[in-house]
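Visitor: Provided below for reference: sequence and predicted model.
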Amino acid sequence: MAQIVRTSTLSDVTPPELSVVVPLYNEVESLIQLLEAITTSVSNMGLSYEIICVDDGSKDGSSELLKQQALLRPHLRAVLLRRNYGQTPAMAAGFKYATAPFIVTLDGDLQNDPADIPMLLAKLEEGYDLVSGWRKNRQDAALTRLLPSKIANWLIGRITGVKLHDYGCSLKAYRAELIADMNLYGELHRFLPALAFIEGARITEVPVRHHARRHGSSKYGLGRTFRVVLDLFTVFFMKKFLTRPMHVFGLLGISSTVLGTVLGLYLTFLKLGLGQSIGDRPLLILVVILLLAGVQLFSFGLLGELLMRTYHESQGRPIYRVREVVEREANNGNGN
Ligand code: UDP
Ligand code: MG
């Protein structure tokens, strides 16, 4: 069992109105300033709030400082992971311990500006389920960060159908019930808007401030670009075919089998009808590959269907999401 260090305010029964979730990995020099900035920004709004800092196995003393701060600050909850898992699991842990109906996430390195939180919340209150920050004036290296990110954003937009300028911005606001419907794996946190879109969320973006990193160093390099592209395939599949994998694999399987059969019949005609030798024809190899691939793809589709049913049924995940149910009070069974 994970040990939770509680301060008095957080053990109150009524949940706060806002949870601010921050993943931290080796951000010791930014931490105090970050907590101050969040506190200033959020307390100005007059909301009740909690700050959930998730220490992702830091080795620079962030964990110790965070623990110490959690005992001093009534609104702070420190969640310390056993080792470094990565930003997505750290965020997932933060979501798990968040109790408010509205959740805001931001980075722990002060690149996002907590002063933008009220603006994001205002959008949620307009009725959106997810509000994403757009780092219009992004302060990162041009060649290694901005360029790959521009390409990635364009690709993600095209493939997922969610049009945002900046998927990578951690400063986002969510309705908690949306988060509850989503499971995060790998490095999928940047695809939260796309995953939310799959769940039928109303999504928008607002330009936010962005500052250059002053302390510590970025935890990512160019390698992330490739992982983002791979994740994109996963998300695309989830969006399009999660509940009907047979429609992809089955279609490919049928196409492959039909083409293989037609070409195979043609070769049979050449051999039996015209007496030509077909043993050394590349086409013969193609026919064999197409027929084998057809069977494989078809079986894949069937396996996919079984897995999909397990995915939904084992977790009690419905294949639809209800936004709201409206009915007259009289229908509730108390007469009239
Ligand atoms: N982070 C984390 N675990 C990791 C890597 C990063 O919790 O394994 C946190 C990090 O402390 C920061 C946020 O995720 O708060 C974003 O990381 P970073 O600033 O390095 O990314 P960049 O802004 O360079 O994209
Ligand atoms: Mg950063």
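Guide: Everything's here; your move. Ligands and ions are numbered 1, 2, ... in the order given.
Visitor: helices or strands next to the lowest-mean-pLDDT helix or strand in the chain in the packing?
Guide: In the chain, no helix or strand scores lower on mean pLDDT, DSSP states H and E than helix 223-241, which sits at a mean of 86. Counting contacts by 3 or more Cβ pairs under 8 Å, 6 or more residues apart in numbering; DSSP states H and E, the secondary-structure elements packed against helix 223-241 are helix 147-160, helix 192-198, helix 245-268. All C-beta atoms are positioned from the backbone trio N, CA, C, and that covers glycine.
Visitor: just name the most buried of these.
Guide: Among the helices and strands packed on helix 223-241, helix 192-198 has the highest mean neighbour count (mean count of other Cβ atoms under 10 Å), at a mean of 23.
Visitor: up against ligand 2, what does the chain have?
Guide: Contacts of the chain with ligand 2, taken as Cβ under 5 Å from the ion, map to 107, 109, 111.
Visitor: neighbour-wise, which of those residues leads?
Guide: Sorting the residues of the chain next to ligand 2 by how many neighbours each has (other Cβ atoms under 10 Å) puts residue 109 first, at 24 neighbours.
Visitor: residues contacting residue 191?
Guide: Residues near residue 191 by Cβ atoms under 8 Å, 6 or more residues apart in numbering: 156, 160, 167, 231-232, 235.
Visitor: quick check on residue 165: phi, psi?
Guide: Per-residue torsions, residue 165: phi -80, psi -30 (degrees, to the nearest 10).
Visitor: hmm, it is touching residue 153, no?
Guide: Yes: between residue 165 and residue 153 a contact is recorded at 6.4 Å, counting by Cβ atoms under 8 Å.
Visitor: where along the stretch 51-200 of the chain do the strands fall?
Guide: Using DSSP state E, counting those that start in this stretch, the strands of the stretch 51-200 of the chain run over 76-80, 102-105, 130-135, 172-175.
Visitor: tell me the mean pLDDT for the second one?
Guide: Averaging the model's pLDDT scores along strand 102-105 yields 98.
Visitor: so what touches that strand?
Guide: Defining contact as Cβ under 8 Å, 6+ apart, one finds that strand 102-105 is touched by 17-23, 91, 94-95, 117, 120-121, 124, 170-176, 179.
Visitor: what's the spacing between the residue nearest to residue 174 when sequence neighbours are not counted and ligand 1?
Guide: Of all residues beyond its chain neighbours, the one nearest residue 174 is residue 103 (4.8 Å), with distances taken as Cβ to Cβ, 6 or more residues apart in numbering. Applying Cβ to the nearest ligand atom, to the nearest Å, the value for residue 103 to ligand 1 is 16 Å.
Visitor: how about residue 14?
Guide: The gap separating residue 14 from ligand 1 is 29 Å, by Cβ to the nearest ligand atom.
Visitor: residue 229 against residue 155, yeah?
Guide: Yes: with the criterion set as Cβ under 8 Å, residue 229 and residue 155 qualify as a contacting pair; they are 7.2 Å apart.
Visitor: would you mind naming what in the stretch 101-250 of the chain lies close to ligand 1?
Guide: Residues of the stretch 101-250 of the chain lying near ligand 1 by Cβ under 6 Å from any ligand atom: 107-109, 111, 218-220.
Visitor: recalculate using a threshold of 5 Å.
Guide: Taking Cβ under 5 Å from any ligand atom as the criterion, the stretch 101-250 of the chain approaches ligand 1 at residues 107-109, 218-219.
Visitor: show me what the residue nearest to residue 174 is bridged to.
Guide: Under the criterion DSSP bridges, residue 103 forms beta bridges with residue 19, residue 174.
Visitor: just to revisit the earlier point, JSON lines for the residues of the chain next to ligand 2, including distance to residue 147?
Guide: Below are those laid out as JSON lines (distance: Cβ to Cβ, whole Å):
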{"residue": "107", "distance to residue 147": "20"}
{"residue": "109", "distance to residue 147": "21"}
{"residue": "111", "distance to residue 147": "18"}
